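Visitor: Have a look at this prediction, sequence included:
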Amino acid sequence: MPSFAARRTVLAMIFLLGVAIVLPLFLRRMTSGDNSLVVYCAHDSVFAESIIRRFEQDSGVTVHVRYDAEANKSLGLTNLLLAEKARPRCDVFWNNQTLGTIRLKKDGILAACDASLFQRIPAQFKDPDHQWAGFAARLRVFIVNTDRIQQPTEEIIAEALKADSLSSAAIAIPLFGTTLSHYTVLCDQMGLDGLKKWHQSLHDRGIREARGNGAVKDLVAEGACDFGFTDTDDAFAAIDDGKPVTMLPVRLDTGNTICLPNSVAMIRNCPHPDEAQKFIQFLLSEDVEIALANSASRQIPLGPVNQDRLPPEFVELADWAAQGVSLDGAAEHDQEVLNWLSSEYTEQ
């Protein structure tokens, strides 16, 4: 007959085996019905947090948010979602751009939502299969120091870009952020070889390369550069600080602007699909777009809004955004451009 110690060991093993079988089932049931939500958010937390907490208040759903504070935060969260494909932890991805979201769709990471959730967003800014939608956009712009270039126009800046020397102009390192998106759009327009020549021409003529769009803004705002490539949110930061700057849209040869919306998508096989769609509907609402428009980042509404609730400068910004180029073609070149730039800057 087995000793007491041996019997106790066998019973302990049976208990642990039972826990190993039952606990995952219990946890899965708990997470799928616990009225909570997991959001991965690449938008700046200083602007996103109040929006998310307002949803919690209105809906009663508890939201657990993962932000990424790195400069390449959009890429970081995109890669995390790819790594978690087999066992998703995230319900909703709030991306601060669109190209990475389109890539996730191609890789089978996203789920289709009820089409009615995307109803107020124009067709050019949403996926025809209802897997993602854009909202609250930024534009690629030139920030111009008006002490150094008085009464600047699009034509004046276009001529300045053709100058033999670009030592008084600035651009961010294009490995991440909207500068990477800008390069990807250019690749779609002129091919990779054309993009490489454009990039090399800027460097041959001495353009100043900064750590990011905010650093470009600082160079121009402080008068170290005449103008530079940045985004509307950074340009508004300088304007709000009383710096002698203005902005003009970056235009492609086609005349289109580069409009880069936030985007939102539900993750395929996510733990909380019902709560996810509630959050997506909330995020794509007029109230949220207006709240982001009135924040310091001045995100541009893409759906119809009451113009009386917007700052006056949005009349011109909305016109520029409506001229935005389709990003579908650029999404085809996203990884190609990143691979080239990664090797380019590694060699340096």
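Guide: Right, received. Where do you want to start?
Visitor: For the protein, which segments count as helices?
Guide: Remark: helices assigned in the chain by DSSP state H are 4-32, 45-59, 73-83, 99-106, 154-160, 177-204, 213-221, 232-240, 273-283, 286-293, 314-322, 328-331, 334-347.
Visitor: which stretches of this structure have low pLDDT?
Guide: 1-33, 69-74, 347-348 (pLDDT under 70).
Visitor: Quick check, central residue of this protein?
Guide: What sits nearest the mean C-alpha location of the chain, by CA atoms, centre = their mean, is residue 96, with 1.8 Å.
Visitor: domain parsing for the protein?
Guide: 33-137+259-321, 138-258+334-347 (automatic domain parsing).
Visitor: which one of the ones you listed lies closest to residue 328?
Guide: Minimum separation from residue 328 across the domains of the chain (CB to CB) falls at domain 33-137+259-321, 7.3 Å. C-beta: built from backbone N, CA, C; applies to glycine.
Visitor: what's near enough to touch residue 243?
Guide: 221-222 (CB atoms under 8 Å, 6 or more residues apart in numbering).
Visitor: follow-up on the earlier one: would you check how far apart the residue nearest to the centre of the chain and residue 201 are?
Guide: Distance of residue 96 to residue 201, computed by CB to CB, to the nearest Å: 29 Å.
Visitor: go on, residue 39?
Guide: For residue 39 relative to residue 201 (CB to CB), the value is 41 Å.
Visitor: Equivalent analysis for residue 178, please.
Guide: 21 Å.
Visitor: Which residues are in contact with residue 255?
Guide: residue 323.
Visitor: Got phi/psi on it?
Guide: In terms of degrees, to the nearest 10, the main-chain angles of residue 255 are phi 90, psi -10.
Visitor: Next: the one 3 residues further on.
Guide: The phi/psi pair for residue 258 (degrees, to the nearest 10) reads phi -110, psi 100.
Visitor: ok, how many other residues are close to the residue nearest to residue 190 when sequence neighbours are not counted?
Guide: Closest residue to residue 190 apart from its sequence neighbours, by CB to CB, 6 or more residues apart in numbering: residue 198 at 6.9 Å. A total of 14 residues lie near residue 198 under the criterion other CB atoms under 10 Å.
Visitor: do you know how far the residue lying closest to residue 237 once chain neighbours are set aside is from residue 48?
Guide: Closest residue in space to residue 237, ignoring its immediate chain neighbours: residue 217 at 6.4 Å, by CB to CB, 6+ apart. According to CB to CB, residue 217 stands 21 Å off from residue 48.
Visitor: Could you check which of these two is surrounded by more residues?
Guide: Ranked by neighbour count (other CB under 10 Å), residue 217 and residue 48 place residue 217 first, with 28 against 22.
Visitor: Isn't residue 114 up against residue 277?
Guide: Yes - using CB atoms under 8 Å, residue 114 is in contact with residue 277, at 6.3 Å.
Visitor: Those two - which one has more neighbours?
Guide: Using other CB under 10 Å, the more surrounded residue of residue 114 and residue 277 is residue 277, with 18 against 12.
Visitor: ok, that one - contacts?
Guide: Contacts of residue 277 by CB under 8 Å, 6+ apart are 113-114, 117, 266.
Visitor: From the structure, what's the count of residues near the residue nearest to residue 270 when sequence neighbours are not counted?
Guide: Closest residue to residue 270 apart from its sequence neighbours, by CB to CB, 6+ apart: residue 91 at 4.2 Å. Residues near residue 91, counting by other CB under 10 Å, number 25.
Visitor: same check, this time on the one 3 residues further on
Guide: Around residue 94 sit 24 other residues, with neighbours defined as other CB under 10 Å.
Visitor: follow-up on the earlier one: of the helices of the chain, which is nearest residue 258?
Guide: helix 177-204 (5.5 Å).
Visitor: in the closest one, what's buried?
Guide: Buried residues in helix 177-204, counted by 16 or more other CB atoms under 10 Å: 177-189, 195-196, 199, 202.
Visitor: now swap in stretch 308-323 and tell me
Guide: Those would be 310, 314, 317-318, 320-321, 323, for stretch 308-323 by 16+ other CB under 10 Å.
Visitor: can you tell me the distance between the two ends of that stretch?
Guide: End-to-end distance of stretch 308-323 (CA to CA, to the nearest Å): 22 Å.
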